[in-house]
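A.B. asks: sequence? don't have it. structure:
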């Protein structure tokens with residue numbers, strides 16, 4: 001049985017700057033805050049949602065604010081809904097306004113100047129990104145972000161679409177929580193978007209030689225591990241460890257022997273599980289295609305339907321009815 005991850009939500013409103021500073025220091029990192037201009041109209045609002053390691057907050061400062069922030073050790077990206085922000089991180093400076101995203105560089109102190117901002121904040125362990133970068137050939141010790149804003153307007157739009165998806169995912173989950181596989185897929189989506197949107201050393205890495213000969217037995221071990229753990233939120237690194245290969249070698253081996261990726265094979269296994277659940281389900285008990293798809297990590301109903309039809313020649317709704 002796939003265990004759901006609970007969504008923890010919270011909200012507050014305050015006019016007390018000291019209370020707000022204490023809350024934000026607990027939630028993120030230590031920082032000092034002061035109001036720029038008149039503090040009489042200062043109002044702070046916060047609405048947060050967290051599931052596992054993923055947190056998305058929506059914050060409003062109804063005043064100009066100046067902050068001195070201690071270094072983050074996590075991945076933190078802000079998306080502005082209103083207002084503007086200026087950030088100084090060491091020798092780097094960046095500005096962002098409404099409809100723009102900005103990444104706070106980890107491991108460096110920040111000076112922020114905010115003008116009546118409403119914004120969303122995504123926070124995840126930095127390791128979710130560095131692990132993905134390692135698969136691209138950049139070791140954790142060599143990985144760094146090289147700018148705070150997106151490389152292109154299209155990249156900025158990609159990030160805003162990603163944060164909108166996460167907001168819907170967290171807001172739409174009932175008291176039973178988010179299926180672990182769905183949350184795992186969402187976190188992987190965030191990590192992938194981060195590396196493709198914000199300039200980093202995976203974009204400038206040099207040529208890396210291929211993994212060489214890969215024993216078929218190692219790929220068979222990987223397949224057996226995936227088959228046995230399709231219901232679990234397993235990672236590429238765990239599959240590679242089970243196979244006794246590096247992540248790059250594992251991916252090369254799957255392309256060579258199965259003409260797909262390890263993730264592609266894992267999705268195939270989960271699609272088979274969803275197919276069996278649809279066959280066994282009873283609609284009179286409240287079973288739905290969307291619910292079964294979410295249970296197995298498929299958040300997008302249309303994509304699940306297309307993949308299911310391609311694999312089984314009929315709509316999942318037909319399988320559920322018969």
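C.D. replies: Received, thanks. Only a predicted model underlies this, so the values are computations on that prediction, with no experimental measurement involved.

A.B. asks: can you map out the helices along the stretch 1-150 of the chain?
C.D. replies: For the stretch 1-150 of the chain, the helices defined by DSSP state H, counting those that start in this stretch occupy 17-27, 127-135.

A.B. asks: Just name the most buried of the ones you listed.
C.D. replies: Mean neighbour count (mean count of other C-beta atoms under 10 Å) peaks for helix 127-135 among these, with a mean of 20. C-beta here means a position set from N, CA and C on the backbone, and glycine is covered the same way.

A.B. asks: Tell me the backbone dihedrals of residue 234, please.
C.D. replies: Phi and psi for residue 234, reported as degrees, to the nearest 10, are phi -80, psi 160.

A.B. asks: what's the pLDDT at it?
C.D. replies: pLDDT, residue 234: 84.

A.B. asks: That one against residue 263, yeah?
C.D. replies: No - assessed by C-beta atoms under 8 Å, residue 234 is found out of contact with residue 263, at 10.3 Å.

A.B. asks: Residue ranges of each domain in this protein, please.
C.D. replies: As assigned by automatic domain parsing, the chain contains the domains 4-197, 206-321.

A.B. asks: Quick check: end-to-end length of the longest one?
C.D. replies: End-to-end distance of domain 4-197 (C-alpha to C-alpha, to the nearest Å): 30 Å.

A.B. asks: Over it, what's the mean pLDDT, rounded is fine.
C.D. replies: 92.

A.B. asks: Spell out the residue ranges of the strands in the stretch 51-200 of the chain.
C.D. replies: 54-61, 64-69, 74-89, 92-97, 101-104, 110-125, 178-179 (DSSP state E, counting those that start in this stretch).

A.B. asks: Turn the ones you listed into JSON lines, including mean neighbour count and distance to residue 15.
C.D. replies: Formatted as JSON lines, these follow (neighbours: other C-beta atoms under 10 Å; distance: least, C-beta to C-beta, whole Å):
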{"stretch": "strand 54-61", "mean neighbour count": "20", "distance to residue 15": "12"}
{"stretch": "strand 64-69", "mean neighbour count": "18", "distance to residue 15": "14"}
{"stretch": "strand 74-89", "mean neighbour count": "19", "distance to residue 15": "18"}
{"stretch": "strand 92-97", "mean neighbour count": "15", "distance to residue 15": "26"}
{"stretch": "strand 101-104", "mean neighbour count": "25", "distance to residue 15": "26"}
{"stretch": "strand 110-125", "mean neighbour count": "19", "distance to residue 15": "15"}
{"stretch": "strand 178-179", "mean neighbour count": "23", "distance to residue 15": "34"}
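
A.B. asks: Would you format these as a markdown table with distance to residue 254 included?
C.D. replies: Converted to a markdown table, the strands of the stretch 51-200 of the chain look like this (distance: least, C-beta to C-beta, whole Å):
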| stretch | distance to residue 254 |
| --- | --- |
| strand 54-61 | 27 |
| strand 64-69 | 42 |
| strand 74-89 | 27 |
| strand 92-97 | 39 |
| strand 101-104 | 31 |
| strand 110-125 | 26 |
| strand 178-179 | 25 |
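
A.B. asks: Touching stretch 299-309 from outside, list them.
C.D. replies: For stretch 299-309, contacts defined as C-beta atoms under 8 Å, 6 or more residues apart in numbering pick out 165, 169, 182, 185-186, 267, 271, 274-275, 289-290, 293, 298, 315-316, 319.

A.B. asks: Out of those, which end up buried?
C.D. replies: 165, 169, 182, 185-186, 267, 271, 274-275, 289, 293, 298, 316, 319 (16 or more other C-beta atoms under 10 Å).

A.B. asks: if I look at the nearest residue to residue 260 once chain neighbours are set aside, how far off is residue 228?
C.D. replies: Excluding the flanking residues, the one nearest residue 260 by C-beta to C-beta, 6 or more residues apart in numbering is residue 254, at 5.9 Å. As for residue 254, its distance to residue 228 is 17 Å (criterion: C-beta to C-beta, to the nearest Å).
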